[in-house]
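Student: Here is my input, please return the structure:
(one chain, ligands or ions: 3)
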Amino acid sequence: MQGIWTTERIRAAEDRLLAVTPDGELMRRAAFGLAVHAAEMLAEHTGSVSGRRVTLLVGSGNNGGDALWAGAFLRRRNVAVSAILLKPERAHAPGLAALKRSGGKIVSLEDGPQWIRRTDLVIDGIVGISARGPLRADAAALLEHVSSPVLAVDLPSGVDPDTGAVDGPAVVADRTVTFGALKPVHALAPAFCGEVYLVDIGLRPELGEPDLQRLDTADVAAAWPVPGPDDDKYSQGVVGVAAGSATYPGAAVLAAGAAVRATSGLVRYAGHAADVVRGHWPEVIATGSVTDAGRVQAWVVGPGIGTGHEGRDVLRFVLGRGVPVCADADATTIIARSPDVLDARDPDTPLVLTPHAGEFERLMGSPPGADRVAAARSAARKYDAVVLLKGHCTVVAAPDGRALVNTPRGSWLATAGSGDVLSGLVGALLASGLDPWLAAGAAAHVHSIAGSLAADGAPTSASGILGAVPDAIRSVRSLAS
Ligand SMILES: NC(=O)C1=CN([C@@H]2O[C@H](COP(=O)(O)OP(=O)(O)OC[C@H]3O[C@@H](n4cnc5c(N)ncnc54)[C@H](OP(=O)(O)O)[C@@H]3O)[C@@H](O)[C@H]2O)[C@@H](O)CC1
Ligand SMILES: Nc1ncnc2c1ncn2[C@@H]1O[C@H](COP(=O)(O)OP(=O)(O)O)[C@@H](O)[C@H]1O
Ligand SMILES: [K+]
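Tutor: Ligands and ions are numbered 1, 2, ... in the order given. Just a heads-up that it's a prediction; the model follows:
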């Protein structure tokens, strides 16, 4: 697991570390790491370091101080460094002195645009973890002139450090170099951060338990169920899929197919699309109704079942079976409109809800808002369920407060039916007995890898994502071994 800490926790940890570290030492560690990355980017983009131009955007805090010190280090490699100070009178004094001593040039705000346009690399030291609200106008105006690669110091300015929300102009970085620990912005705003690198400044021992987590490939590989010598088709957990309808059989085919491909063992299907499902997946045992589906170790319910009486009865039935349930799509709408269906649920059996933003609003009465992690946590508490909040970044929260983020690889998953595939993956992992929070997180992880493998640079489809599930699992397992 990768730990992620909120800025409040980072600041407290930094204070403890600062108290036992010589003055300026942490910033020099941070800035040295930054300079190494800047040189690497120059070499990558221009083929050389010496003689290249770097322009620093320098705000009034320590984030600007990091940039100034990095500029001084880059001077040692004969880089032409210019610094645009947003508030010259409040620029980090030791950093500014170091840059001046090294031969760096200080450029006025008015002359800034022409230096930005002529540079090989921009280093964004406008704001870091103390950023509040949208970028101010003078900083935002500078960004309009950026066309070269951008290296963000700690985080891309203009993006909220704790939520990843963007409300106005913001830096779009090619690379972000952060210090001490990952912050929520790095998991929640991948399109603004670019590649994220962590420079160790010795903060880890001061940090304590993370606020948020991200699964490593190794975590997913370790969690993903694979059959052992003593397994048979029942012992690995049988998945039941209650999805689709005669009019909309596609959801059933996708959800059942994902369950087939996610794990070995057995998949049962119950609903009006039994013939179509059987036609696509001869290995699925398909019946017309949940009442004669047979025993399963987890149910996936909802995609394409409709929100009427029949859908409600199906949901109530599966909630009363005493096995984990993944309630997706129409099932989340039914729960929002008729919360009494949850009375059928045995409180000790796990429930995973997988809303997109619209379904979330139905469940909670208001949209997720800027703080999607807090939103998912509050829904998890309200429904005593694991809540997987879909979107570009997927957030998974458990009722006990655990939360993880799945950072996507591009946006190819934004295609019709892709959520049905995800629900089948979640159901298969629930049936295998995995902790429901981990099951939802691991499913989202493999889903997003399947999306990028299926797309490979061109639009794909839910069927394409489903087809790539085995390769995604294979890649997770091989990367981790
Ligand atoms: N502590 C440590 O040990 C280490 C810390 N490190 C580094 O320090 C960074 C944190 O530094 P920090 O706390 O000084 O604040 P920072 O993020 O630079 O912002 C400062 C000022 O920006 C302004 N401002 C705010 N919002 C704004 C907006 N929307 N638009 C425009 N301006 C805005 C506001 O100024 P004011 O309102 O006073 O004008 C605020 O005071 C951290 O991210 C890391 O890079 C590393 O060196 C490792 C060691
Ligand atoms: N812009 C995006 N970037 C990455 N993933 C996305 C994006 N938009 C949607 N997704 C993912 O695609 C899936 C869509 O699911 P859902 O909204 O239920 O669609 P459907 O009902 O068509 O199956 C979710 O896993 C969601 O997280
Ligand atoms: K920054």
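Student: and the closest residue in space to residue 379 that isn't next to it in sequence, how many neighbours does it have?
Tutor: Residue nearest to residue 379 in three dimensions, not counting chain neighbours: residue 387, with 4.4 Å by CB to CB, 6 or more residues apart in numbering. C-betas here are computed from N, CA, C, even on glycine. By the criterion of other CB atoms under 10 Å, residue 387 has 30 neighbours.
Student: which one is the residue of the chain most remote from its centre nearest to, not counting chain neighbours?
Tutor: Centroid-distance maximum for the chain: residue 101 at 41.9 Å, with CA atoms, centre = their mean. Using CB to CB, 6+ apart and skipping residues adjacent in sequence, the residue nearest residue 101 is residue 72, 7.2 Å away.
Student: Just the pLDDT for that neighbour.
Tutor: With respect to pLDDT, residue 72 has a value of 98.
Student: re the thing from before, I'd guess the residue nearest to residue 379 is in a helix, am I close?
Tutor: No. Residue 387 is assigned strand when assessed by DSSP: H, G, I helix; E, B strand; the rest coil, not a helix.
Student: Just list the residues touching it, thanks.
Tutor: Residues near residue 387 by CB atoms under 8 Å, 6 or more residues apart in numbering: 352, 353, 354, 355, 376, 379, 380, 395, 396, 397.
Student: Provide the contact partners of the helix or strand where the second one lies at residue level.
Tutor: The one in question is residue 353. Under the criterion of DSSP states H and E, residue 353 resides in strand 351-354. Residues external to strand 351-354 that are found in contact with it (CB under 8 Å, 6+ apart): 319, 324-329, 332, 335, 345, 363, 379, 383-388, 390, 419, 422-423, 426, 430, 436, 439-440.
Student: So which of those belong to helices?
Tutor: Applying DSSP state H to the contacts of strand 351-354, the entries found in helices are 319, 332, 335, 363, 379, 383, 419, 422-423, 426, 430, 436, 439-440.
Student: Mind giving me the PyMOL command for buried ones among those residues?
Tutor: Of these, the buried ones go into a single PyMOL selection, burial set by 16 or more other CB atoms under 10 Å:
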select buried, resi 319+332+335+363+379+383+419+422+423+426+430+436+439+440
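Student: restrict the ones in helices among the contacts of strand 351-354 to contacts with ligand 2.
Tutor: When contact is defined as CB under 6 Å from any ligand atom, these meet ligand 2 at 419, 422.
Student: Now pLDDT too, for the ones in helices among the contacts of strand 351-354, in a markdown table please.
Tutor: Formatted as a markdown table, these follow (pLDDT from 0 to 100):
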| residue | pLDDT |
| --- | --- |
| 319 | 98 |
| 332 | 98 |
| 335 | 98 |
| 363 | 98 |
| 379 | 98 |
| 383 | 98 |
| 419 | 98 |
| 422 | 98 |
| 423 | 98 |
| 426 | 98 |
| 430 | 98 |
| 436 | 98 |
| 439 | 98 |
| 440 | 98 |
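Student: and of the ones in helices among the contacts of strand 351-354, the nearest to residue 86?
Tutor: residue 379 (39.4 Å; CB to CB).
Student: and the closest one, how far is that from ligand 1?
Tutor: 29 Å (CB to the nearest ligand atom, to the nearest Å).
Student: give the contact list for that residue.
Tutor: With CB under 8 Å, 6+ apart, residue 379 has these contacts: 353, 355, 360, 363, 364, 385, 387, 389, 397.
Student: nearest spatial neighbour of the second one, skipping sequence neighbours?
Tutor: By the measure of CB to CB, 6+ apart, the closest residue to residue 355 outside its immediate chain neighbours is residue 332, 4.8 Å from it.
Student: any idea of the mean pLDDT in stretch 75-85?
Tutor: 98.
Student: With just CA atoms, put that stretch into CSV.
Tutor: Output of stretch 75-85 as CSV, limited to C-alpha atoms (Å, rounded to 0.1, in the frame of the first residue of the first chain):
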residue,chain,number,x,y,z
ARG,A,75,23.6,26.9,-11.8
ARG,A,76,26.4,24.5,-10.8
ARG,A,77,25.6,22.6,-14.0
ASN,A,78,25.8,25.7,-16.0
VAL,A,79,22.1,26.1,-16.5
ALA,A,80,20.9,29.6,-17.3
VAL,A,81,18.4,30.2,-14.5
SER,A,82,15.9,33.1,-14.3
ALA,A,83,13.4,33.6,-11.4
ILE,A,84,10.1,35.5,-11.6
LEU,A,85,9.2,36.6,-8.1
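Student: now it, how far from the chain's geometric center?
Tutor: Its chain's C-alpha centre and that of stretch 75-85 lie 35 Å apart, by CA atoms, centre = their mean, to the nearest Å.
Student: which residues touch it?
Tutor: Under CB under 8 Å, 6+ apart, the answer for stretch 75-85 is 38-39, 42, 49-58, 64, 67-68, 71-72, 74, 91, 96, 99, 102-109, 112, 115-116, 119, 142.
Student: ok, residue 223 touching residue 438?
Tutor: Yes. Judged on CB atoms under 8 Å, residue 223 makes contact with residue 438 at a distance of 5.5 Å.
Student: Quickly list what's touching both of those two.
Tutor: Joint contacts of residue 223 and residue 438 (CB under 8 Å, 6+ apart) are residue 429.
Student: The longest helix along the chain near ligand 3 anywhere?
Tutor: Using DSSP H to define each element, the chain has its longest helix at helix 25-46. No. Applying CB under 5 Å from the ion, one finds helix 25-46 separated from ligand 3 by no less than 10.4 Å.
Student: Give me the helices and strands touching the next helix or strand after that helix, please.
Tutor: Using DSSP H and E, the helix or strand that follows helix 25-46 towards the C-terminus is strand 53-58. If you count contacts as 3 or more CB pairs under 8 Å, 6 or more residues apart in numbering; DSSP states H and E, strand 53-58 packs onto helix 62-75, strand 80-85, helix 112-117, strand 121-125.
Student: Neighbouring strands - and their directions - for strand 53-58?
Tutor: The pairing partners recorded for strand 53-58 under DSSP bridges are strand 80-85 (parallel), strand 121-125 (parallel).
Student: what's the most buried one of those strands?
Tutor: The highest mean neighbour count among the strands paired with strand 53-58, using mean count of other CB atoms under 10 Å, belongs to strand 121-125: a mean of 29.
Student: now it against helix 62-75, angle please.
Tutor: 150 degrees (axes from the mean of the first three to the mean of the last three CA atoms, to 10 degrees).
Student: Just give me how far strand 121-125 sits from the chain centre.
Tutor: That offset, for strand 121-125, works out to 25 Å (CA atoms, centre = their mean).
Student: what helices or strands is the next helix or strand after that strand leaning on?
Tutor: Counting by DSSP H and E, the element after strand 121-125 in chain order, helix or strand, is helix 137-143. Packed against helix 137-143, as judged by 3+ CB pairs under 8 Å, 6+ apart, are the following elements: helix 112-117.
Student: Which residues belonging to the helix it packs on are considered buried?
Tutor: 112, 113, 115, 116.
Student: Provide the contact partners of it at residue level.
Tutor: Taking CB under 8 Å, 6+ apart as the rule, helix 112-117 contacts 55, 57, 82, 84, 107, 122, 142, 144, 145, 146, 147, 148.
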